[in-house]
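>>> sequence? don't have it. structure:
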Ligand code: NAD
């Protein structure tokens, strides 16, 4: 059996508890792991003077894959954001956000099984901005006005939207590779190419080219506003959705909301050489140290990691065990219980025990 070396980053708040629950579930799923535990977050700031120590980054680079708990972002204090730091240092260009309804999790929609693939480095998020009234903004405005028939006001603030062929190709290719590896039937490119003919037009054209390389997977495209309406009206028509950064930011939360929200939403950040998986929720400090936080999102992030490692059967085992325990609604954390009664609820570790027992049985 192959042993997978994985960097394990427990993080802050409820992070260490949900990470420990996840590590135990993954150790019981029939795949061998060598865990390389590394600090990031508030504790790392105290011990290493940095929320994201170089040694932690080096470990993810060495192992190629990391599993990360949530990190408290200090307010003020000048620390860089761990999530932005990781994304940039490791070139994690794809943000993978599956959204699947589960029996036992309250949600407005039923039978949703969507995957949002968001481009993570380009678009309006590249950080190229000019504040209103600055000499730099006026320079850029002067330059643009000399070349464009549609003058920009001298008083405008600017954020540059950039979309490259390479960036578009690798994100769309990632979406198709994910679809192929995970038996998905269709990829939809989401864009606003009718208005942004050059940037989103480029994204769409590249998506069409890449789609031609995957004839066994259906391809279509939707304009982003229409996509939102379609998700509300006929979400079952969709499968894997791939899109530039801003639309991905919005649609991934829309889909998370459709399937029951934070406690059950996993994610992955994938680059050419490395990938880091994490729940989308934060460090929930009010629940920290009480063995009451819901470990589902982190365990499902672990299952996503298994898929990334080519361990699809093990991923399905974990997902099926989580689904069964959540559907039963007994040995789950209080937030997943219909009565929300903490006295009858399982703790974080008790829920992990129930999932492990389900995989064994
Ligand atoms: P949060 O996700 O921590 O909490 C929002 C709400 O959901 C709270 O009521 C919380 O108690 C509840 N909650 C979240 N996860 C839960 C779980 N697993 N089980 C039970 N309840 C859960 O968001 P926040 O309060 O806005 O942020 C807290 C801290 O986390 C901040 O410092 C923020 O910057 C950070 N954060 C980190 C990440 C990350 O590392 N990826 C993501 C979001 C927020």
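That came through, no problem. No experiment lies behind these values; they were computed from the predicted model shown.
>>> Mind telling me which residue of the stretch 251-361 of the chain is nearest the ligand?
For the stretch 251-361 of the chain, the residue closest to the ligand is residue 282, as judged by Cβ to the nearest ligand atom, at 2.4 Å. No exception for glycine: its C-beta is placed from N, CA and C like everyone else's.
>>> For burial, what's the neighbour tally of the residue nearest to that residue when sequence neighbours are not counted?
Leaving aside its sequence neighbours, residue 282 sits nearest to residue 70 (Cβ to Cβ, 6 or more residues apart in numbering; 4.9 Å). By other Cβ atoms under 10 Å, the residues close to residue 70 number 28.
>>> How about the contacts made by residue 70?
Residues near residue 70 by Cβ atoms under 8 Å, 6 or more residues apart in numbering: 11-15, 278-279, 281-284.
>>> just the helices in the stretch 201-350 of the chain please.
224-233, 245-258, 296-308, 312-328, 348-360 (DSSP state H, counting those that start in this stretch).
>>> Return the distance of the third one from the chain's centre.
Its chain's C-alpha centre lies 11 Å from the corresponding centre of helix 296-308 when counted by Cα atoms, centre = their mean, to the nearest Å.
>>> And that helix, what does it pack against?
helix 15-27, strand 65-68, strand 94-100, strand 266-270, strand 275-279, helix 312-328, helix 348-360 (3 or more Cβ pairs under 8 Å, 6 or more residues apart in numbering; DSSP states H and E).
>>> Nearest to residue 107, out of those?
For these, proximity to residue 107 was assessed by Cβ to Cβ; strand 94-100 is nearest, at 9.6 Å.
>>> partners of that closest one, with directions?
Here strand 94-100 has these sheet partners by DSSP bridges: strand 113-119 (antiparallel), strand 266-270 (antiparallel).
>>> could the ones you listed be laid out in CSV, adding mean neighbour count and distance to the ligand?
Shown next, in CSV, are the strands paired with strand 94-100 (neighbours: other Cβ atoms under 10 Å; distance: least, Cβ to the nearest ligand atom, whole Å):
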stretch, mean neighbour count, distance to the ligand
strand 113-119, 24, 14
strand 266-270, 24, 8
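>>> Mean pLDDT and distance to residue 250 for the ones you listed - can I get that in JSON lines?
JSON lines is the format used below for the strands paired with strand 94-100 (pLDDT from 0 to 100; distance: least, Cβ to Cβ, whole Å):
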{"stretch": "strand 113-119", "mean pLDDT": "98", "distance to residue 250": "9"}
{"stretch": "strand 266-270", "mean pLDDT": "97", "distance to residue 250": "15"}
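>>> Could you save those strands as a markdown table and add columns showing distance to residue 187?
Putting the strands paired with strand 94-100 into a markdown table (distance: least, Cβ to Cβ, whole Å) gives the following:
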| stretch | distance to residue 187 |
| --- | --- |
| strand 113-119 | 8 |
| strand 266-270 | 16 |
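>>> Can you pull the residues of the stretch 101-250 of the chain lying near the ligand?
By Cβ under 6 Å from any ligand atom, no part of the stretch 101-250 of the chain sits against the ligand.
>>> Tell me the spacing between the residue of the chain positioned farthest from its centre and residue 58.
Residue farthest from the centre of the chain, counting by Cα atoms, centre = their mean, is residue 146 at 41.1 Å. Going from residue 146 to residue 58 by Cβ to Cβ, to the nearest Å gives 47 Å.
>>> right, and residue 326 touches residue 103 too?
Yes - contact status for residue 326 versus residue 103: in contact at 7.2 Å, counting by Cβ atoms under 8 Å.
>>> So between the two, which is more surrounded?
residue 326 (24 against 12).
>>> Find the helix or strand that the closest residue to that one other than its chain neighbours is a member of.
Once flanking residues are discounted, residue 326 sits nearest to residue 104: 4.1 Å by Cβ to Cβ, 6+ apart. Mapping residue 104 onto the secondary structure by DSSP states H and E places it in no helix or strand at all.
>>> Now do the spatially closest residue to residue 199 that is not a sequence neighbour: how many residues are near it, please.
In space, and not counting its chain neighbours, residue 199 is closest to residue 163: 4.3 Å by Cβ to Cβ, 6+ apart. By other Cβ under 10 Å, 23 other residues sit near residue 163.
>>> mind listing what residue 163 touches?
122-123, 199-200, 202-203, 244.
>>> Ok, residue 74 next?
So residue 74 contacts 42, 45, 51 (Cβ under 8 Å, 6+ apart).
>>> Just give me the neighbour total for residue 283.
22.
>>> Over to residue 140?
Counted by other Cβ under 10 Å, the residues lying close to residue 140 total 17.
>>> Please tell me I have it right and it contacts residue 157.
No - using Cβ under 8 Å, residue 140 is not in contact with residue 157; the gap is 10.7 Å.
>>> Understood, closing this out.
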